[in-house]
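Student: Got a sequence here, can you model it:
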Amino acid sequence: MPPGITSAAYQVTFEAIDPLYILNDSVGPYRDGQVMPSGTLPPITVAALTAGGLQTLTENVDDSAMGDEADAMGTASSPRKLQVSGMWAGRLSQIGQSDWLVFPVRGGRTFTVVTQGLDARGAPTETKAMPSIGVWDALDTAEAPALCAAPGMNGLATGETWLRVGTHGDDLIRVGIADQRGDGRPDFPYQGWVLYADTVFPARLPAAGGPIVIHGMGFRMADTVRVGGAPAEVVSVSPNEITAIAPPAGPGASGSVDVEVDDLPAFHAAAIVTGGVSYNAGVGDALTLLTAPTGTIPVSAPVPFTVMALGSDLTPAGGVTVLYTVTSGTAELGCGQRVCAVTASGDGCATMNVTATDKNWSTVTASLTNGSSVQAQFAGGTPPVLAAITPQQSVAAGAVLVWNVQAMVLSNGIAAAGQSVTWEPGASGFAVQNGTVQSDAAGIATQTLTVGPLAAGQLASIDACLNGTSQCVKFVAFGAHPEYARLEAVSGTTQSFAVGGVPAAVVMRLLDTDGNPMAGGTVTLYQALYAWAPPCGPHSVCGPSNRMATESETASSGLDGTVTFMPATMAGVATNLVGMAASGDAATLAVVVEQHP
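Tutor: Predicted coordinates for the structure are as follows:
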């Protein structure tokens, strides 16, 4: 102190640490970046401090304006559901705190997770939270390593972190957000969104392009769309839907192309639907035969040749072009040319009338632009006098079943009674109960056949002939792959009724890979009966209900592919039944039955 002065007043002031002090020059734990304080601390005045004196200064900081530390956050074991918009906000308000979200995705998609650290005003900043991102399969344990991750502030936009992820199959994704420093403060808010494109409709376009609708989440007004790498005209944008005009296909281009949604370049955010739309027939589209002329047909009488175009997921491929071509013979097509194009309707069906002009054999081929095709072979002549009513049946490989088949006898187009129809005994894969039967008053001859066991992929056939002549029809059984079967609901898979009501039977149909009803397949229904509980709110965590009973039941599908089960209930008790029917390697069908108070 100056001479003659024994005490003095001092003022202590505070300032933020220079944000450039990072890495080897870091202060404290802030190696990856300093944090700017929110607001300012008032100076402290120390009065009458004498030489050699000592005072301990205490400054209480009020952070109540920073926000509530009990912000709603998800945990690794109980993540919160991502909002439908794909956008959310969070606050890493405690040291070591993290935020977790979960959402479903489809296979063949690429999506981007984006976060931005915010300041107290809600503006993006790089001097507060440093959110890093990790992505897990939601079915993995909380301790499992992340599938992929991104370090904080790896983007070009202020305070941005981004992570782009590709999916191989339908899945449930869990996303974790944490401060890269392991820090947490009440002034560490952040915002995030997931840019994800789920579906594109329609799935097929003509070569001239046309309007498409993209469903997903996290879409923003500045988003752009590319189809097959070419820019599309964006018409409207909402958080869950983009309408755009796809450009024409390039010269000679056809088949499936990617659909991509891009955010502003600074955010690196993109959402891609691999093979999301196709110009005409896409990869995996194929034709299946519905009706076609075969054998001998009347000369000069048009006969419909109908096919169905299906996508790789067995849904109708409406809008594709089906080419009908006379590949051999003298047959005529309904358009008057040897090659005719027909656009498949919304149910995937296309029809062309074909006509036999003489007794020579002709072949007509129906094909898609990707090469998938089916053929019809026929010749002109007198119409057959014997027709198969039930000509084919799909049978699960290894199964043995009874098949009642019918053939109709016609005389000049009128049903003929008392005619003998003989089924050839000893045909491979078949056993005949009675070789010869008589047609009834309706001209129908009914035979009981035992079919199987057939190997997967085996095609077995047996002929039925009229009165010992060469007028014959063929009955065919296909050995279907039970491991590739799929299930479709017929009735009763979703029910809700009051206590005291009687549940309806649960009926489902087993189909083979071509969509035909599969007979003799095995279906198992697993059921779990829980005490009834009301639905919980959209942002609530539902407590588990008491499980009251479990059971499983196995049944074989009938000739029409149907399987029937009775759902489990408890008389007079309000319950929720959760069931899962399974067949083959991957066919499943959910069953939900509510018996409410």
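Student: quick one, strands of the stretch 251-400 of the chain?
Tutor: 255-262, 270-279, 286-291, 295-298, 303-310, 321-328, 332-333, 339-343, 349-355, 361-367, 373-381, 386-388, 392-396 (DSSP state E, counting those that start in this stretch).
Student: Return the most buried member of the ones you listed.
Tutor: Ranked by mean neighbour count, the strands of the stretch 251-400 of the chain are led by strand 392-396 with a mean of 24 (mean count of other Cβ atoms under 10 Å). The C-beta positions use only the backbone N, C-alpha and C, and glycine is treated the same way.
Student: could you give the mean pLDDT of that one?
Tutor: Mean pLDDT, computed over strand 392-396, is 91.
Student: which helices and strands does that strand pack with?
Tutor: The helices and strands touching strand 392-396, judged by 3 or more Cβ pairs under 8 Å, 6 or more residues apart in numbering; DSSP states H and E, are strand 472-480, strand 518-519.
Student: C-alpha coordinates for it, CSV please?
Tutor: The C-alpha trace of strand 392-396 is given here as CSV (Å, rounded to 0.1, in the frame of the first residue of the first chain):
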residue,chain,number,x,y,z
GLN,A,392,-54.9,-76.4,-59.5
GLN,A,393,-54.0,-76.5,-55.8
SER,A,394,-51.0,-75.2,-53.8
VAL,A,395,-49.9,-77.8,-51.2
ALA,A,396,-47.3,-77.2,-48.5
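Student: mind listing what that strand pairs with, with the direction of each?
Tutor: Paired neighbours of strand 392-396 in the sheet (DSSP bridges): strand 472-480 (parallel), strand 518-519 (parallel).
Student: Ramachandran coordinates for residue 300?
Tutor: phi 70, psi 10 (degrees, to the nearest 10).
Student: Touching, it and residue 358? I think so.
Tutor: No. Residue 300 lies out of contact with residue 358 (Cβ atoms under 8 Å); the separation is 9.5 Å.
Student: more crowded one of those two?
Tutor: Counted by other Cβ atoms under 10 Å, residue 300 and residue 358 do not tie: residue 358 has more neighbours, with 14 against 11.
Student: Wait, the more buried one touches residue 331, no?
Tutor: No. At 9.3 Å, residue 358 does not count as touching residue 331 under the criterion of Cβ under 8 Å.
Student: Among the helices and strands packed on strand 392-396, which comes closest to residue 372?
Tutor: With Cβ to Cβ as the measure, strand 472-480 is the member of the helices and strands packed on strand 392-396 nearest residue 372 (19.4 Å).
Student: quick one: buried residues of the closest one?
Tutor: By neighbour count on 16 or more other Cβ atoms under 10 Å, the buried set for strand 472-480 is 472-473, 475, 477-480.
Student: Output it as CSV, restricted to C-alpha atoms.
Tutor: This file holds the C-alpha atoms of strand 472-480, laid out as CSV (Å, rounded to 0.1, in the frame of the first residue of the first chain):
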residue,chain,number,x,y,z
CYS,A,472,-58.7,-84.7,-71.3
VAL,A,473,-58.1,-82.0,-68.7
LYS,A,474,-55.2,-81.7,-66.3
PHE,A,475,-55.3,-81.2,-62.5
VAL,A,476,-52.1,-79.8,-61.0
ALA,A,477,-50.7,-79.7,-57.5
PHE,A,478,-47.8,-77.5,-56.6
GLY,A,479,-45.4,-78.3,-53.8
ALA,A,480,-45.1,-74.9,-52.1
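Student: Skip ahead from that strand and say which helix or strand is next.
Tutor: The C-terminal neighbour of strand 472-480 among helices and strands, as given by DSSP states H and E, is strand 486-491.
Student: Could I get the phi/psi values of residue 23?
Tutor: phi 50, psi -120.
Student: tell me the secondary structure for the nearest residue to it once chain neighbours are set aside?
Tutor: Nearest residue to residue 23, sequence neighbours excluded (Cβ to Cβ, 6 or more residues apart in numbering): residue 31, at 6.2 Å. Recorded secondary structure, residue 31: coil (DSSP: H, G, I helix; E, B strand; the rest coil).
Student: now swap in the one 10 residues further on and tell me
Tutor: Local secondary structure at residue 41 is given as coil here, using three-state DSSP.
Student: mind listing what residue 153 touches?
Tutor: 33, 117, 126, 130, 159-161, 180 (Cβ atoms under 8 Å, 6 or more residues apart in numbering).
Student: now, which of those sits nearest residue 190?
Tutor: Closest to residue 190, out of all of the contacts of residue 153 and judged by Cβ to Cβ, is residue 117, at 5.1 Å.
Student: Bridged to the closest one, which residues?
Tutor: Assigned bridge partners for residue 117, using DSSP bridges, are residue 190.
Student: and what of residue 587?
Tutor: As assigned using DSSP bridges, the partners bridged with residue 587 are residue 583.
Student: how many other residues sit next to it?
Tutor: Residue 587 has 20 nearby residues by other Cβ under 10 Å.
Student: residues in contact with it?
Tutor: Residues in contact with residue 587 (Cβ under 8 Å, 6+ apart) are 485-487, 510.
Student: Going by neighbour count, which of these are buried?
Tutor: So, of the contacts of residue 587, 485-487, 510 end up buried under the neighbour-count rule (16+ other Cβ under 10 Å).
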